[in-house]
Structure formats: C-alpha cells, structure tokens
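Colleague: sequence unknown, structure follows:
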C-alpha cells in the first residue's frame, strides 16, 4: 500500500470518529437549550413565500440543525466581519457557514476529475475554495469602507446645512441618511444604526464609538472624535462641523492630487512593456527590411 493510501485511510478514520463523538463532546449546555426553547415561536407563518425563499429557508434550517446537533457556536469575529461588510440580516451567518463548508467539498470534487495527481489537486483546490469566501468577505469590507470614505464629505456638508437650519444632531443624521439613501446607502446604514442604538438605550458617545469600530476608517474615527469632544466640552457643533468638513474636503483634494502624481509613474510600466515595442517596430521595421534587401542585392 502506498503512503497516500495510508494517509487517506487514517484521515477517513479520524473524521468518522470525530463525527461520531462530536454530538457527545460538543452538545449544547442546559442553559442554551432552555434559551432556545424560550425564544422558539409556535405561531404559524401565514405569509406568501416563494420557491427561492423556501429553498433558502430549507438550506438554512438544515444547516442550523447540524450546527445545533454538533454544538458549533457562531463565531463572533465572523459575525462582526459580516456586519462590517454590510450583511446585517439574520441569514447572513448561516449562508456564510454553508458556503464555507460546501466550498472545500466542491474543491475536492473538482480536483478528483484531474487525471494527473488527483490527490494533490483535490487537496489544493479544497484549500483554495475554503479561503475564497473569506477573501470575498475581506474584499467586500474593503470596498464598503472606501465607499463610506468617499461619501463622508457630502454627508458632512449636509449635516452642516441641517444643523445650521435648526435641527439637532441626531435628527440631522436621520435627515442626511434619508437624503443619501440612493447615492450613498452605506453611510445611510451607519447613521440609522447609530439612531437605533440610541433608541435602544445606548449612550450617544458609545453609539458613535461603535460606528467608528464598525467602519474602521480614519476619517470616520476623526469625525466621531470631533463629535465626542464637542459634546464633552460644549463646543458649538456647527462650528466644529464646518471646520471638519473643510478639512475633509482638503484631505480628499490632496488625496486626488497624490493619486494623479502617482499615475505619472505607474503609466511608465505599460509604456515600456506594451507601447514602446510597438513604436520601435513601426519605426525600425521598414529600415531593417530595406537594409536587409540592400545587403542581399550586394551578394
């Protein structure tokens, strides 16, 4: 028997034993069962549900049942990353867990169809497919942060106008969120989340700090720090907002100038690799062909 077969057999035995012992070792505690029984609803659902939603609910229920049987607890870090990506629905965690579990199986299935070294390709594709959901989530978080960073100057200008018109800061945030719901939906979500946390009893400063932790953007953190200092020291909020809006506008203009200056250097690489060879061919090819023809005529 080859070494690969021994490794596969050992791994299979280990996985079978892990699946058999998991319900005993990872079963939910008594307190968790009691809480689940309390929050479980027996009221019939009378909504009109489509086929796609039924299929999604079935997959999520199967995944939830497997998670409860195995005693797998939801990862708070992953849940926070989903919130940072703008996926705040209750089904986001379940769908992400299903994709994370199904992706390696799909990678093994795809790798098994490769004739040359199927074991190597199956393990490699399983690892790659396992990392793909996390990479997609990280890219989504990065794009959302960039959208919030770009929308912050417009939101600050509208905040200045609303506060100058006589609205309070909380009402101004709601109004700005309503105005930006189409052009900048991400900043609207953050302002609504801040308002909901305050309505739930959270202190204003804590709600602002939570928003800064969710977004993890330097400009948004400075905005929250400015609001905190203005609220603590009694600084006129309209003056602080106006100065901060001017600083953000200046910073965005400087960032654009920096990107424009970098473009001059970055454009050298495609010029050298793609454009200059074509120019050399167009300019030198006729001369080279003429010289070659004249050299053949001398013979």
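Modeller: Arrived safely. Only a predicted model underlies this, so the values are computations on that prediction, with no experimental measurement involved.
Colleague: Would you mind measuring from the closest residue to residue 226 other than its chain neighbours to residue 211?
Modeller: Spatial nearest neighbour of residue 226, chain neighbours left out: residue 244 (5.1 Å); criterion: C-beta to C-beta, 6 or more residues apart in numbering. No exception for glycine: its C-beta is placed from N, CA and C like everyone else's. Residue 244 is 16 Å from residue 211, where distance means C-beta to C-beta, to the nearest Å.
Colleague: And for residue 109?
Modeller: 42 Å.
Colleague: Kindly report the same for residue 284.
Modeller: Taking C-beta to C-beta as the measure, residue 284 falls 61 Å from residue 211.
Colleague: Neighbour count for those two, which is higher?
Modeller: Neighbour count, other C-beta atoms under 10 Å: between residue 284 and residue 211, residue 211 has more, with 20 against 10.
Colleague: Which helix or which strand is home to residue 95?
Modeller: Assessed by DSSP states H and E, residue 95 sits inside helix 92-112.
Colleague: Next secondary structure after that helix?
Modeller: helix 118-164.
Colleague: Show residues contacting the helix or strand just after that next one.
Modeller: In the C-terminal direction, the helix or strand that comes right after helix 118-164 (DSSP H and E) is helix 169-179. Contacting residues not belonging to helix 169-179 are listed as 155, 158-159, 162-163, 167, 187-188, 191-192, 194-195, 198, 204, 227, 237 [C-beta atoms under 8 Å, 6 or more residues apart in numbering].
Colleague: Tell me where the stretch 51-200 of the chain is predicted with low confidence.
Modeller: In the prediction, the stretch 51-200 of the chain carries residues with pLDDT under 70 at positions 51-74, 90.
Colleague: how does this structure divide into domains?
Modeller: 3-29+52-142, 146-263, 267-298 (automatic domain parsing).
Colleague: Out of those, indicate the one that is most buried.
Modeller: Neighbour counts (mean count of other C-beta atoms under 10 Å) averaged over each of the domains of the chain peak at domain 146-263, with a mean of 16.
Colleague: circling back to that earlier point, from residue 227, how far off is the residue nearest to residue 226?
Modeller: With C-beta to C-beta as the criterion, residue 244 and residue 227 are 9 Å apart.
Colleague: same deal with residue 17?
Modeller: 56 Å.
Colleague: Kindly report the same for residue 118.
Modeller: From residue 118 to residue 227 the distance is 59 Å (C-beta to C-beta).
Colleague: what is the mean pLDDT for the helix or strand where residue 7 lies?
Modeller: Assigned by DSSP H and E, residue 7 belongs to helix 3-25. Mean pLDDT, computed over helix 3-25, is 69.
Colleague: wait, isn't residue 111 in contact with residue 123?
Modeller: Yes. The pair residue 111 / residue 123 is scored as a contact, 7.2 Å apart, by C-beta atoms under 8 Å.
Colleague: you'd agree residue 231 is up against residue 205?
Modeller: Yes. Counting by C-beta under 8 Å, residue 231 does reach residue 205; the two are 6.6 Å apart.
Colleague: quick revisit: quick one: which of the contacts of helix 169-179 is nearest residue 140?
Modeller: Residue 140 lies nearest to residue 187 out of those, by C-beta to C-beta, at 16.3 Å.
Colleague: Now do the same contact list for the closest one.
Modeller: Counting by C-beta under 8 Å, 6+ apart, residue 187 touches 148, 151, 152, 155, 176, 177, 180.
Colleague: and of those, the nearest to residue 223?
Modeller: Closest approach to residue 223 among these (C-beta to C-beta): residue 152, at 6.9 Å.
Colleague: Disregarding flanking residues, what is the spatial nearest neighbour of the closest one?
Modeller: Per C-beta to C-beta, 6+ apart, closest to residue 152 is residue 219, 5.4 Å.
Colleague: How about residue 157?
Modeller: residue 245 (5.8 Å).
Colleague: what's the offset of stretch 228-245 from the middle of its chain?
Modeller: For stretch 228-245, the separation from the chain centroid amounts to 31 Å (computed by C-alpha atoms, centre = their mean, to the nearest Å).
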